[in-house]
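J.: The following comprises the amino acid sequence and a computationally predicted model.
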Amino acid sequence: MTPADTHFARRQASIDRATLETRIAATIDLDGGAVSAATGVPFLDHMLDALGRHGRLGIDVTCKGDAAMDPHHTVEDVGIALGQGIRQALGERRGIARYGHAYAPLDEALARVVIDCSGRPFLHYEADMPEAIIGRDFASSLVEEFWRSLVVNAGLTAHIDLIRARNAHHAAEAIFKAGALALHAATRRTGDPDFVPSTKGILA
């Protein structure tokens, strides 16, 4: 937390989301905290840990669902819940930096993420994953699925580019780390709680 952040109330939200496929309880704190993820999908838990730690976010998420059959619904719905939490925690988005960008490497993999807390949901995703499956059963395509769900529901504009990689695990982790760093930068407070960083006077 920066000195400017101490002038504001903490920005946190809790989301409970239940469908016929998943039941999710998620809490997010944009100003930090412990990180805990128990989704039933080990690789997703690993990526959420990276998102929380490198984004300096407080994240607590649990999910019960049909992950044993296919991780897709869990990954998508966790992204939705966390995105809804981010949107709620940001509120009117007054006093935030709005923009953030970051590069993150993991060994041979290098990713770049650029985020605008614009209020206009849009994801451009360019990642030629070098392997179709990560680990035992996590489809590489689910990385995009997660980020699309989070970005759309948080009301962000995001550009995610995997610049190079030879290992899909490294590629995914580089993307999550770069995303975490960019999200942290974009959501920092400027010190003026009345300032809306938009020529329109609103971010929605």
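T.: Cool, got the structure.

J.: residue ranges for the strands of the protein, please.
T.: 12-18, 22-29, 35-38, 58-65, 99-106, 109-116, 122-126, 133-134, 138-139, 157-164 (DSSP state E).

J.: Reformat the ones you listed into a markdown table and put mean pLDDT, mean neighbour count and distance to residue 46 next to each item.
T.: (Each C-beta comes from the backbone N, C-alpha and C, glycine too.) Written out in a markdown table, the entries for the strands of the chain read as follows (pLDDT from 0 to 100; neighbours: other Cβ atoms under 10 Å; distance: least, Cβ to Cβ, whole Å):
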| stretch | mean pLDDT | mean neighbour count | distance to residue 46 |
| --- | --- | --- | --- |
| strand 12-18 | 96 | 16 | 21 |
| strand 22-29 | 97 | 21 | 17 |
| strand 35-38 | 98 | 18 | 8 |
| strand 58-65 | 96 | 20 | 13 |
| strand 99-106 | 98 | 18 | 12 |
| strand 109-116 | 98 | 22 | 15 |
| strand 122-126 | 98 | 14 | 20 |
| strand 133-134 | 97 | 17 | 10 |
| strand 138-139 | 96 | 19 | 10 |
| strand 157-164 | 98 | 19 | 18 |
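
J.: In a markdown table: the ones you listed, plus distance to residue 186.
T.: Converted to a markdown table, those look like this (distance: least, Cβ to Cβ, whole Å):
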| stretch | distance to residue 186 |
| --- | --- |
| strand 12-18 | 17 |
| strand 22-29 | 14 |
| strand 35-38 | 19 |
| strand 58-65 | 17 |
| strand 99-106 | 3 |
| strand 109-116 | 5 |
| strand 122-126 | 14 |
| strand 133-134 | 27 |
| strand 138-139 | 27 |
| strand 157-164 | 9 |
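
J.: So which of these is nearest residue 86?
T.: For the strands of the chain, the distance to residue 86 is smallest for strand 22-29, at 6.2 Å, taking Cβ to Cβ.

J.: Direction included, what does that closest one pair against?
T.: Counting by DSSP bridges, the strands paired with strand 22-29 are strand 12-18 (antiparallel), strand 58-65 (antiparallel).

J.: Let me have the ones you listed in JSON lines, extended by distance to residue 35.
T.: Converted to JSON lines, those look like this (distance: least, Cβ to Cβ, whole Å):
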{"stretch": "strand 12-18", "distance to residue 35": "14"}
{"stretch": "strand 58-65", "distance to residue 35": "5"}
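
J.: Those strands: which one's closest to residue 174?
T.: Comparing the strands paired with strand 22-29 by Cβ to Cβ, strand 58-65 comes nearest, at 19.1 Å.

J.: how close does residue 21 get to residue 183?
T.: Summarising the geometry, the distance separating residue 21 from residue 183, computed by Cβ to Cβ, to the nearest Å, is 26 Å.
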